[in-house]
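In: make a model of this:
(one chain, ligands or ions: 1)
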Amino acid sequence: MGSISCFAVIVLALVLNSAVYSNGGKTSVYVRKVEKAVDMPLNSNVFRVPSGYNAPQQVHITQGDQVGKAVIVSWVTEDEPGSSTVLYWSENSKQKKKAEGKVNTYKFYNYTSGYIHHCTIKNLEYDTKYYYVVGVGHTTRKFWFTTPPEVGSDVPYTFGLIGDLGQTFDSNITLSHYEQNPHKGQTVLYLGDLSYADAYPNHDNVRWDTWGRFVERSVAYQPWIWTAGNHEIDFVPEIGETKPFKPYTNRYHVPYRASKSTAPFWYSIKRASACIIVLSSYSAYAKYTPQYQWLEQELPKVNRTETPWLIVLMHSPWYNSYNYHYMEGETMRVMYEPWFVQYKVDVVFAGHVHAYERSERVSNIAYNVINGMCTPVKDQSAPVYITVGDGGNLEGLATNMTEPQPAYSAYREASFGHAIFGIKNRTHAYYSWHRNHDGSAVEADSMWFFNRFWHPVDESPTSH
Ligand SMILES: [Fe+2]
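Out: Residues are numbered from 1 along each chain as shown. From the prediction side, this is the model:
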């Protein structure tokens, strides 16, 4: 075979191997056997209870204020309340300080929780490594975290993205891949649906505890920023559980008051060069509701000189071309999408659909009921919408897609995985998605993001 025809065969083979093209973007032909994702058994190593009487377990941290100078430390003690004090010191000063927290318990049907402690450490230095100790007497446990750099333009910072994790063997692979990723996420933006305890009879809250122990190996050392998903609702009137979000709100605190929010389901934080707005797909969002009023006031406050990157997190995606949860985000999209375009949101991350998808920069805000303009159009003021609901929970993969691939969908693949959003400066961020089936350094999808405020030119890999 001549070298030219040989080259053509290789190119054709590569194209056929990598993707199927439609009028939209790429649908990966990376197809795996659909196996049921199975929860790890209760006696799994990752669920091990730490040794020692009343040992603190399920240790987790999140940002504790608006700018990253405070951290909320949370943990559970099983035998007795013990102490809610956190002892902490910076790597530099060695002078030990104490912060006082609070303890609470809750009941859920026939389950009674352990003693859940929440303690906010305040007035930390930026960009500093801190050690912290929880527990008392002979049973103390020591962890550490690094505070973010001071909020400001051009501050590099790397976020990990994980959604719908659950606690299966696949979930464990996803978390391990995230931990081993050479891009090294410094904070996780968590896209909702945590433990999937509600898959068990009476929403067996023991599975909230096992999840807390499973993820401790990451979330005790770097903050996870929480978004509420449908599996956090835990609304079971048949057994008298009529207060939605009870286990979630008891276990996972967020700094919502710092951004003048009135509920823990929608709030904002600033971290390094990013403003992150968390929204709730499962709280009221129509006009005049608290979430609507808060977002209406919040978006004009975002200062793109201080925080060039505007990132929104929600559970239910607005642009989703899988036949799972199709159009569930539609009513919220209709309410808020004009604002996202007006305020030039850079990227919207969602979960819920158990697969991966990245959109083009599109908007669908021209429709006024009678003009017929109801198809998404390319819009350089619009965000990219990314679904990372592929953490690996027991419900398994979403494999069934709408065909043909819609024009708004740039890349989609039914694989478990995680993503990384690495901010380099005010204009550039490097994004990558990593499927579990590859080594953790392999990028199955990637894209350079150009900031919508500072460098709003077309960066779509499929536009060239
Ligand atoms: Fe969900």
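In: skipping adjacent residues, who's closest to residue 123 in space?
Out: Distances taken as CB to CB, 6 or more residues apart in numbering put residue 69 closest to residue 123, at 6.3 Å, once the chain neighbours are dropped. No exception for glycine: its C-beta is placed from N, CA and C like everyone else's.
In: buried stuff in the host helix or strand of residue 142?
Out: Residue 142 is located in strand 139-146, with elements delineated by DSSP states H and E. Neighbour counts over strand 139-146 (16 or more other CB atoms under 10 Å) mark 139, 141, 143, 145, 146 as buried.
In: farthest pair in those?
Out: Within those, 139 and 146 form the most distant pair, 25.7 Å apart (CB to CB).
In: gap between the residue in the chain that the ion sits nearest to and residue 70?
Out: Nearest to the ion, among the residues of the chain, is residue 352, at 3.9 Å (CB to the ion). Remark: distance between residue 352 and residue 70 (CB to CB, to the nearest Å) = 30 Å.
In: and residue 269, how far from residue 126?
Out: According to CB to CB, residue 269 and residue 126 sit 14 Å apart.
In: tell me which parts of the chain are close to the ion?
Out: Counting by CB under 5 Å from the ion, the chain comes close to the ion at 193, 229, 230, 352.
In: repeat that for 6 Å
Out: Residues of the chain that fall close to the ion, judged by CB under 6 Å from the ion: 164, 193, 229, 230, 231, 315, 352.
In: send over stretch 368-387 as CSV, restricted to the C-alpha atoms.
Out: Extracted C-alpha coordinates of stretch 368-387, given in CSV (Å, rounded to 0.1, in the frame of the first residue of the first chain):
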residue,chain,number,x,y,z
ASN,A,368,-41.8,34.5,23.4
VAL,A,369,-44.5,31.8,22.8
ILE,A,370,-45.6,33.2,19.4
ASN,A,371,-42.4,33.8,17.5
GLY,A,372,-41.4,30.2,17.0
MET,A,373,-37.8,30.9,18.0
CYS,A,374,-37.4,27.9,20.3
THR,A,375,-34.2,26.3,19.1
PRO,A,376,-30.9,26.8,21.0
VAL,A,377,-28.6,29.0,19.1
LYS,A,378,-24.8,29.6,19.3
ASP,A,379,-24.2,32.5,21.7
GLN,A,380,-20.8,33.7,22.8
SER,A,381,-22.3,35.3,25.9
ALA,A,382,-23.7,32.0,27.0
PRO,A,383,-22.1,29.5,29.4
VAL,A,384,-20.8,26.0,28.5
TYR,A,385,-23.1,23.5,30.2
ILE,A,386,-21.3,20.4,31.5
THR,A,387,-23.0,17.3,33.1
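In: residue 189 bridge partners, please.
Out: In this entry, residue 189 is beta-bridged to residue 161, residue 225, by DSSP bridges.
In: surely it and residue 274 touch.
Out: No: Residue 189 lies out of contact with residue 274 (CB atoms under 8 Å); the separation is 9.4 Å.
In: checking the residue nearest to residue 101 when sequence neighbours are not counted next. Helix, strand or coil?
Out: Of all residues not flanking residue 101 in the chain, residue 119 sits nearest, at 2.6 Å (CB to CB, 6+ apart). Here residue 119 is recorded as strand under DSSP: H, G, I helix; E, B strand; the rest coil.
In: kindly provide the distance from residue 119 to residue 131.
Out: Applying CB to CB to residue 119 and residue 131 gives a distance of 15 Å.
In: which one's more surrounded, the two?
Out: residue 119 (24 against 15; other CB atoms under 10 Å).
In: thought the more buried one was touching residue 72?
Out: Yes: using CB under 8 Å, residue 119 is in contact with residue 72, at 7.3 Å.
In: hmm, back to that, residue 352 and residue 70: which has the busier surroundings?
Out: Taking neighbours as other CB under 10 Å, residue 352 and residue 70 compare with residue 352 leading, 27 against 19.
In: for the nearest residue to residue 450 once chain neighbours are set aside, give me its contacts.
Out: Nearest residue to residue 450 in three dimensions, chain neighbours excluded: residue 459, at 4.3 Å (CB to CB, 6+ apart). By CB atoms under 8 Å, 6 or more residues apart in numbering, the contact set of residue 459 is 447, 448, 449, 450.
In: ditto for residue 67
Out: The contact partners of residue 67, by CB under 8 Å, 6+ apart, come to 150, 151, 269, 270, 271.
In: ramachandran angles for residue 292?
Out: The phi/psi pair for residue 292 (degrees, to the nearest 10) reads phi -60, psi -50.
In: again but with residue 273, I slipped
Out: The phi/psi pair for residue 273 (degrees, to the nearest 10) reads phi -100, psi 20.
In: check residue 48 too.
Out: Main-chain torsions, residue 48, degrees, to the nearest 10: phi -60, psi 140.
In: didn't it look like it was pressed against residue 210?
Out: No: under the criterion of CB under 8 Å, residue 48 lies out of contact with residue 210, with a separation of 9.9 Å.
In: compare the two and say which is more crowded by neighbours.
Out: A side-by-side neighbour count of residue 48 and residue 210, using other CB under 10 Å, places residue 210 first with 24 against 12.
In: and the closest residue to the more buried one other than its chain neighbours, what does it touch?
Out: For residue 210, ignoring the flanking residues on the chain, the nearest one in space by CB to CB, 6+ apart is residue 47 at 4.4 Å. For residue 47, the contact set (CB under 8 Å, 6+ apart) comprises 40, 210, 213, 214.
In: could you export these as JSON lines, including secondary structure?
Out: Below are the contacts of residue 47 laid out as JSON lines (three-state DSSP):
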{"residue": "40", "secondary structure": "coil"}
{"residue": "210", "secondary structure": "helix"}
{"residue": "213", "secondary structure": "helix"}
{"residue": "214", "secondary structure": "helix"}
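In: and those residues, which two are furthest apart?
Out: Maximum pairwise distance in those, criterion CB to CB, is 10.9 Å, between 40 and 213.
In: any common contacting residues for those two?
Out: Residues touching both residue 40 and residue 213 by CB under 8 Å, 6+ apart: 46, 47.
In: pLDDT below threshold where in this protein?
Out: Where the chain drops to pLDDT under 70, the residues are 1-23, 31-35, 462-464.
In: go ahead and flag the most central residue of it.
Out: residue 190 (2.1 Å; CA atoms, centre = their mean).
In: distance of the residue nearest to that one when sequence neighbours are not counted from residue 399?
Out: Using CB to CB, 6+ apart and skipping the chain neighbours, the partner closest in space to residue 190 is residue 224 (4.8 Å). As judged by CB to CB, residue 224 and residue 399 stand 28 Å apart.
In: between these two, who's got more neighbours?
Out: Neighbour count, other CB under 10 Å: between residue 224 and residue 399, residue 224 has more, with 20 against 16.
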